[in-house]
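In: What shape does this take:
(one chain, ligands or ions: 1)
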Amino acid sequence: MSNAPRVVILGAGFAGLELATRLSEAFAGGVVVDLIDEADAFVFGYSKLDVLFGRTHLDAVRLPYAKFAKPGVTWRQERVTAIDAHARTVTTSGGSYEADYVVIALGADYDIDATPGLAGNEFYSVEGAARLAPVVDSFPGGRVLVGVCGAPYKCPPAPSECVLMMHDHLVKRGLLEASEITFAIPFEIPIPPSPDTSEALMTAFAERGIRFVSGVRVARLEDDRGVCVLDDGSELEYDLFLGVPRHHAAQVVIDSGLTEEGYIKVASRTLETGFPGVYACGDVATVGVPKAGVFSEGQAATVADAIIAAIRGDGDGARYGGTGSCYIEFGGDRIGRIDVDFLNGPKPIGVFRAPSVELRAEKIEFGARRRARWFGLA
Ligand SMILES: Cc1cc2nc3c(=O)[nH]c(=O)nc-3n(C[C@H](O)[C@H](O)[C@H](O)COP(=O)(O)OP(=O)(O)OC[C@H]3O[C@@H](n4cnc5c(N)ncnc54)[C@H](O)[C@@H]3O)c2cc1C
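Out: Reported below is the predicted structural model:
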C-alpha cells in the first residue's frame with residue numbers, strides 16, 4: 001500500500017465534488033482520494049423545479065459520476081454503512097476505508113414517512129419531482145397547495161420559487177381563472193434573514209392573488225379527502241399538493257453518534273468535528289448558515305484548504321466566510337438574487353437584487369461553470 005496521504009470523502013454533492021476537485025488540483029495524484037456516493041449521478045437542486053414544471057427532463061439534468069475524472073480521485077458507487085470517527089474508518093457496501101482525513105458530506109436526507117400522506121406528494125427529491133411532473137402537466141386547474149413539513153429545509157427560497165413557477169404554469173395553460181394557490185410555511189416571512197427579499201416575494205404573491213399562510217407546518221395529508229392538516233390543527237383543502245418533506249441527517253450519520261439536534265455540529269470557521277482529521281461540511285452539518293449548494297461548496301473549499309495545508313505542513317488554511325449568493329425564480333422568466341452574509345456581523349445580512357432577465361443568464365452561467373469544472377461537460 002502506498003504511503004501517500006489518504007482522504008475519504010463521503011457524499012458527492014456540491015461539497016464532495018468541490019472538495020475532490022480541489023484536492024486533485026492541488027496534488028494531481030500525490031494524495032489518494034476516494035469519493036464515495038451511492039447514487040450514479042448528480043442533479044442540481046434547482047433542476048428538480050425545472051423537471052417538476054416540464055421545462056426539462058430528468059435525463060437532461062442528470063450529471064453522471066462516470067464523467068467525474070480527476071487525477072488522484074477514485075469515484076466509488078457504494079453505500080456508506082458505518083462511520084467510526086475515532087478510528088477514521090468508514091465501512092461501505094464495497095469494503096472499508098481507513099484514512100488520514102475523513103470528510104462527511106452526506107447532505108440532508110428526507111423523512112417522508114414522518115408526515116402521513118406525503119409519499120408521492122413531495123417535489124424535493126429527484127424521484128419525487130419526476131413523479132409529480134406528469135401530475136402537474138395534466139392538472140386541470142383547482143386548488144394548489146405548496147406546503148412545508150418542517151424546518152430547517154434545503155434552499156429556503158425553493159418553496160417560494162415553486163409557488164411562483166406554479167403560477168406561471170397555470171397562466172401558460174390558461175388555467176388561472178379556475179385555480180387558486182396557497183403557500184404554507186413554518187416561518188413568518190419567506191426568507192427570515194432577508195426582509196427585503198421576503199417583502200419582494202410577498203408582494204409577488206399578493207400581485208398574483210397567492211394566499212400566504214405563515215408560521216405553520218404540515219402535520220399530515222388526508223389525500224382521499226384532499227385535506228392538509230396543519231400543526232395548529234387547522235385544515236387547508238387542495239386538489240394538488242406540492243410538499244417539502246421534513247429533513248434529517250442520513251441514518252448512517254445519526255448512527256455514528258456524531259449528530260446533535262439532528263446534524264453534525266462543527267466549528268463554523270474550520271468545519272472540524274472535534275475528532276482529529278474528521279470534518280463535516282454542507283447540509284449534513286450545523287454551521288450557522290442555510291442548507292444550500294453554494295454554502296456547501298464554500299465549506300468544502302475551506303476543508304480542502306485545511307487538508308492541503310496540513311499535508312504540506314503549511315499552516316492551518318483559510319477560514320470559512322459564511323457568505324453566498326442564491327438565485328430566486330420570480331416567474332415571468334425573471335430571476336432575483338440574494339447575497340447573504342451569515343457569520344460576520346451581529347446577525348445575518350441579506351442584500352436583495354431585484355428580478356431581471358440578466359440574472360437568469362447569470363444563473364445559467366452558475367450551472368454551466370460547475371458542469372464544466374466537475375464533469376468536463378459543455
Ligand atoms: C428544489 C430545490 C432547489 C434548490 N435550489 C438551490 C439553488 O438554487 N441554489 C443552491 O445553492 N442550492 C439549492 N438547493 C439546495 C442544494 O441542492 C443542496 O443544499 C446541496 O445539494 C447540498 O449539498 P451537499 O453536498 O451538502 O449535499 P448533497 O448535494 O445532498 O450531496 C449528498 C450526497 O450524499 C449521498 N449520500 C447520502 N447518504 C449516503 C450513503 N449512506 N451512502 C452513500 N452516499 C450517500 C447522496 O447520494 C448525495 O449525492 C436546492 C434544493 C432543492 C431541493
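
In: how deep is the residue of the stretch 201-350 of the chain found nearest the ligand tucked in, by neighbour count?
Out: Relative to the ligand, the nearest point of the stretch 201-350 of the chain is G282 (2.3 Å; CB to the nearest ligand atom). From N, CA and C alone the C-beta is placed, and that goes for glycine too. Counted with other CB atoms under 10 Å, residues neighbouring G282 total 31.

In: I'd assumed G107 was in contact with it.
Out: Yes: G282 lies in contact with G107 (CB atoms under 8 Å); the separation is 6.1 Å.

In: which neighbours do these two share?
Out: 11, 13, 15, 296 (CB atoms under 8 Å, 6 or more residues apart in numbering).

In: Highest neighbour count among those?
Out: With neighbours taken as other CB under 10 Å, the top of these is A15, carrying 34 neighbours.

In: can I assume V229 is in contact with R217?
Out: No: between V229 and R217 there is no contact, the gap being 10.3 Å when judged by CB under 8 Å.

In: circling back: quick one: residues contacting the residue of the stretch 201-350 of the chain closest to the ligand.
Out: Neighbouring residues of G282 by CB under 8 Å, 6+ apart: 11, 13-16, 105, 107, 291, 295-296, 299-300.

In: and with 10 Å instead?
Out: By CB atoms under 10 Å, 6 or more residues apart in numbering, the contact set of G282 is 11, 13-16, 18-19, 103-108, 264, 271, 291-293, 295-300, 303.

In: between the shared contacts of G282 and G107, which is closest to T56?
Out: Of all the shared contacts of G282 and G107, T56 sits closest to G13, with 19.6 Å by CB to CB.

In: Show the pLDDT at the closest residue to that closest one other than its chain neighbours.
Out: Of all residues not flanking G13 in the chain, G107 sits nearest, at 5.1 Å (CB to CB, 6 or more residues apart in numbering). pLDDT, G107: 98.

In: now swap in A378 and tell me
Out: Note on A378: pLDDT of 85.

In: Outline the domain layout of the protein.
Out: 6-107+250-312, 112-247 (automatic domain parsing).

In: highest average neighbour count across those domains?
Out: Among those, domain 6-107+250-312 has the highest mean neighbour count (mean count of other CB atoms under 10 Å), at a mean of 20.

In: distance between that one and the chain's centre?
Out: 13 Å (CA atoms, centre = their mean, to the nearest Å).

In: Just give me how far stretch 198-205 sits from the chain centre.
Out: 23 Å.

In: List the contacts of it.
Out: In contact with stretch 198-205 (CB under 10 Å, 6+ apart) are residues 157, 160-161, 163-164, 167, 181, 183, 187-192, 194, 210-212, 214, 328, 330-332, 334, 336, 338, 350, 352-355.

In: Thanks a lot, see you next time.
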